[in-house]
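K.L.:
Kindly return the folded structure for what I paste below:
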Amino acid sequence: MLQNLLSGNPLLDFSGLPKFDQVQASHVTPAIDKLLGDGRALLQKLGTDRHPPTWDNFASRLEDLEERISRAWSQVSHMNAVVNSPELREAYNANLPKLTAFYADLSQDERLYAKFRELRASKAYASLNAAQRKIVENELRDFRLGGAELPQDKKARFKAIQEELSTLSAKFEENLLDTTNAYALFIDSADELRGVPPDALEAALEAAKEEGKSGWKITLHFPSYMPVLQYADNRGLRETLYRAYATRASEFGKPQWDNTPHIASILKLRREAAQLLGYANYAEVSLATKMAQAPAQVTDFLQTLAVRAKPFAERDMQELQAYAADQLGLKELQAWDIAYVSEKLREEKYAFSDQEVKQYFPETQVLHGLFKVTETIFGVHVRPSQAPVWHKDVSFYEIVDHDGKLVGQFYLDLYARNNKRGGAWMDEAITRRKTLQTLATPVAFLTCNFSASIGSKPAQFTHDEVITLF
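P.N.:
Model prediction:
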């Protein structure tokens, strides 16, 4: 039985692109157990090898191991974020602690840390290329940040913190997703939705029909939520939605989805972990891998920015308040009025409306423009391609140079939907890696949460959505 789960397991097939159309929740545990088992065996072998460490006999083999685990887990974590299901979530949560423990043990392995230090001090280090030297330097840094230099009792506590933090972070995201998915406001009167653009109304009408209900369904997914905040004349409706959105996964909702205690625990654990490593706070740990040298630099930058920006923000707010009172009869501007009043003022002052501008940004034109800019700046070509995907709305592209040589590939998942985490982000499916035998070109995930097309009409994007995509 186990052999069957391994032999045809798409998560263990590294011969090409991920087989997203074949991956199921039942594949996750056998694949991760196999990879981590092989990984621990290799770590033991590398740790006890008496030969002087070189790039080929040590560092590259560790890179190969981590790349295989990363490729398999990236598929699982990505699908958990964009096509979440009870089965996939259960498999993800069952294996997340295993991966956290594996990497915690790896980061604290004094034998491997010593070998990287030996490699760094060897004459062979000078013969490595820039990328290889950077990898070695990063590994040394990550061993220190992973607790390799801690005494044994503190190592155990540091590992326990890492495991708890990974579980808490996953739970935080789940609660936010579940709260967003669970909220629905059904409205039967068109008058209550006066001012909301036709395309948003049509999407809300279709959403209600899909559930066998009449009227319009408004949700907290951004393409549904934002048009109401920006255009609905019904102030009470704007307030209702704003409060629901602003209090997602909080103490004001279902107790099982309340992230308040998780936030407190995450902050407390991050501080404890930082102090175990000898840092004053978590901000110092975070900056250890970034350009800024100390939290004070970041704080100074933000404070300087605030001082310079505040007068302009205050001027804009005063203008909004005056317009709201004089033209709209809103004597006291509330948070749920800002987007609405801003849109009204923009239309009157500049004859500019986000809704009207959308007609100039159909998806086909936006993507053509994005790819044209990319091609012009980098001297490459972006063209449609084919690959197994996790949802019918996902498209796939490849990037080639002027000679037609493959440079990279990416998945494009543009639309909001239930069981998909909100926001916009990029992540990696396959890392670019050059070995003696092959060159693995990079493959990325590009994820957004825009309004989908309705019927045969192409999706139209707001100016902000175009900026987000670019």
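K.L.:
Which residue of the protein lies farthest from its centroid?
P.N.:
If you look at how far each residue of the chain sits from its centre, by Cα atoms, centre = their mean, the farthest one is residue 326, at 42.4 Å.
K.L.:
can you map out the strands along this protein?
P.N.:
Assigned by DSSP state E, the strands in the chain fall at 185-187, 216-218, 381-385, 395-400, 406-415, 425-430, 433-434, 439-440, 443-450.
K.L.:
neighbouring contacts of stretch 382-392?
P.N.:
With contact meaning Cβ atoms under 8 Å, 6 or more residues apart in numbering, stretch 382-392 is reached by 17-23, 78-79, 82-83, 371, 374-375, 395-400, 409, 411, 413, 417. The way it works is simple: take the backbone N, C-alpha and C, and place the C-beta from them, glycine included.
K.L.:
now swap in stretch 210-225 and tell me
P.N.:
179-180, 183-189, 193, 200-201, 203-205, 207-208, 228, 241, 244-245, 248, 415-418, 422, 449-452.
K.L.:
List only those of those flagged as buried.
P.N.:
179-180, 183, 185, 187, 193, 200, 203-205, 207-208, 228, 241, 244-245, 248, 415-416, 422, 449-451 (16 or more other Cβ atoms under 10 Å).
K.L.:
In helices, which of the residues you listed appear?
P.N.:
Residues of the buried ones among the contacts of stretch 210-225 located in helices (DSSP state H): 179-180, 200, 203-205, 207-208, 228, 241, 244-245.
K.L.:
For residue 336, state which of those is nearest.
P.N.:
Closest approach to residue 336 among those (Cβ to Cβ): residue 241, at 7.5 Å.
K.L.:
Now for that closest one: which residues touch it?
P.N.:
Applying Cβ under 8 Å, 6+ apart, the residues contacting residue 241 are 185, 218, 220, 225, 228-229, 336.
K.L.:
For residue 127, which of the strands of the chain is the nearest?
P.N.:
Residue 127 lies closest to strand 433-434 among the strands of the chain, at 16.1 Å (Cβ to Cβ).
K.L.:
and the closest one, what does it pack onto?
P.N.:
Secondary-structure packing of strand 433-434 (3 or more Cβ pairs under 8 Å, 6 or more residues apart in numbering; DSSP states H and E): strand 439-440.
K.L.:
Any idea how far the strand it packs on is from the middle of the chain?
P.N.:
Distance, stretch centre to chain centre, for strand 439-440: 25 Å (Cα atoms, centre = their mean, to the nearest Å).
K.L.:
ok, the nearest residue to residue 131 once chain neighbours are set aside - how many residues close by?
P.N.:
In space, and not counting its chain neighbours, residue 131 is closest to residue 434: 7.9 Å by Cβ to Cβ, 6 or more residues apart in numbering. Residues lying near residue 434 (other Cβ atoms under 10 Å) number 12.
K.L.:
so residue 434 bridges to which residues?
P.N.:
According to DSSP bridges, the partner residues bridging residue 434 are residue 439.
K.L.:
Considering the contacts of residue 241, which is situated nearest to residue 151?
P.N.:
Nearest to residue 151, judged by Cβ to Cβ, of the contacts of residue 241 is residue 220 at 47.5 Å.
K.L.:
The closest one and residue 172, how far apart?
P.N.:
Separation of residue 220 from residue 172 (Cβ to Cβ, to the nearest Å) stands at 17 Å.
K.L.:
next one: residue 161
P.N.:
As for residue 161, its distance to residue 172 is 16 Å (criterion: Cβ to Cβ).
K.L.:
contacting residues for the residue lying closest to residue 192 once chain neighbours are set aside?
P.N.:
Spatial nearest neighbour of residue 192, excluding adjacent residues (Cβ to Cβ, 6+ apart): residue 234 at 5.3 Å. When contacts are counted by Cβ under 8 Å, 6+ apart, residue 234 is found next to 192-195.
K.L.:
which of those are buried?
P.N.:
By 16+ other Cβ under 10 Å, those give 192-193, 195 as buried.
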